[in-house]
Every structure is written in C-alpha cells, then in structure tokens.
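> Just a sequence and a predicted model for now, questions to come.
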Amino acid sequence: MIVDDNVDITTTFKVAIEDSNNDVDVNKRIQVNTSNDPVLALSEFKPNFYDLLLLDINMPHMNGFQLCEKMLAIDINVRVCFMSSSKINREALRDIYPAISVGCFIRKPVTVDYLIKRIMSELD
C-alpha cells in the first residue's frame, strides 16, 4: 500500500511497480493499492493483508509516523518504508515516536529502478 497526498507520486509508483511484474514469476507479482488520504488509508487498512507500506511522512490530517503507529496497532507484522523529500533526524524521531523503527527510508525524488530494488529488498 502506498500512501502519499501527492496523486502524481502514488500513480507513478503504482504504475512502475506493477510494470515491474512483467519481469517476475507470477507467484511473486506485487499488487499495489494506493491512497492519497492517510485517514482513508487507515480506515481501509486490514490486518494480514499488506506485506509492505510505503508512507509519505508529510501529509495533511495525519503524518506518516502517526499513520504508521495506528497501522502497526492493527497489524504488527506489516513492514514499513517511509518516504520524504526532507532529511530525517532519526534520533529525534525515536524520542517522539519510540514505537517506530525507521529501518527503510526512501528519499524523494527517487528513480524507478531504485524504488523497485528497495521494495524487493524489503519484501525478501
């Protein structure tokens, strides 16, 4: 699931990821759901359904870290990658959101090749 308030980003990422399915075994193909509203994404989030979340950090109504906390309360096993065009101070982040571990961080803008490699790495 990709959650970003920028429609162009969610559309571009979805198309790129789904296009990459042409090169992989049918059993490893990735299905992508997108949302441009973190509140709506949370209401649609189901436990044990998603393998990976790509969450933008800076969004209106609820930032990516807040969304992550709420989604992890529903499904502790889902993996999370944060996306942002801003630098992140991981130490300060740990103080504010101690329950969240920022292991995967994708800096925007990002190339399609890097995005696909990073997603595949997280899913392995």
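Cool, the structure landed.

> Please verify my assumption that V39 contacts P60.
No - when contacts are counted by Cβ atoms under 8 Å, V39 is not listed as touching P60 (9.3 Å). To be clear about C-beta, it is placed using only N, CA and C from the backbone, and glycine gets the same treatment.

> out of the two, which sits in the busier spot?
V39 (14 against 9; other Cβ atoms under 10 Å).

> Which parts of the helix or strand where that one lies count as buried, going by neighbours?
Assessed by DSSP states H and E, V39 sits inside helix 38-44. For helix 38-44, the neighbour count (16 or more other Cβ atoms under 10 Å) marks 38, 41-42 as buried.

> Could you point out which of those is nearest to R107?
Nearest to R107 among the buried residues of helix 38-44: P38, at 19.8 Å, using Cβ to Cβ.

> wait, that closest one sits on V3?
Yes - assessed by Cβ under 8 Å, P38 is found in contact with V3 at 5.6 Å.

> what sits in contact with each of these two?
55, 59, 64, 67 (Cβ atoms under 8 Å, 6 or more residues apart in numbering).

> SS state for the residue nearest the centre of the chain?
Residue closest to the mean C-alpha point of the chain, counted by Cα atoms, centre = their mean, is L54 at 0.7 Å. With DSSP: H, G, I helix; E, B strand; the rest coil as the basis, L54 sits in strand.

> Show me the shaky parts of the protein.
Residues of the chain that meet the criterion pLDDT under 70 lie in 26-27, 89-94, 96, 99, 101-102.

> hang on, the earlier thing: nearest to I100 among the shared contacts of P38 and V3?
Taking Cβ to Cβ as the measure, I100 lies nearest G64 of the shared contacts of P38 and V3, at 9.5 Å.

> Pull up the gap between that closest one and N6, please.
Going from G64 to N6 by Cβ to Cβ, to the nearest Å gives 13 Å.

> So for the two, which residue has more residues nearby?
Neighbour tally, G64 and N6, criterion other Cβ under 10 Å: the higher count belongs to G64, 24 against 14.

> Please verify my assumption that that one contacts V3.
Yes - with contacts counted by Cβ under 8 Å, G64 reaches V3, the gap being 7.3 Å.
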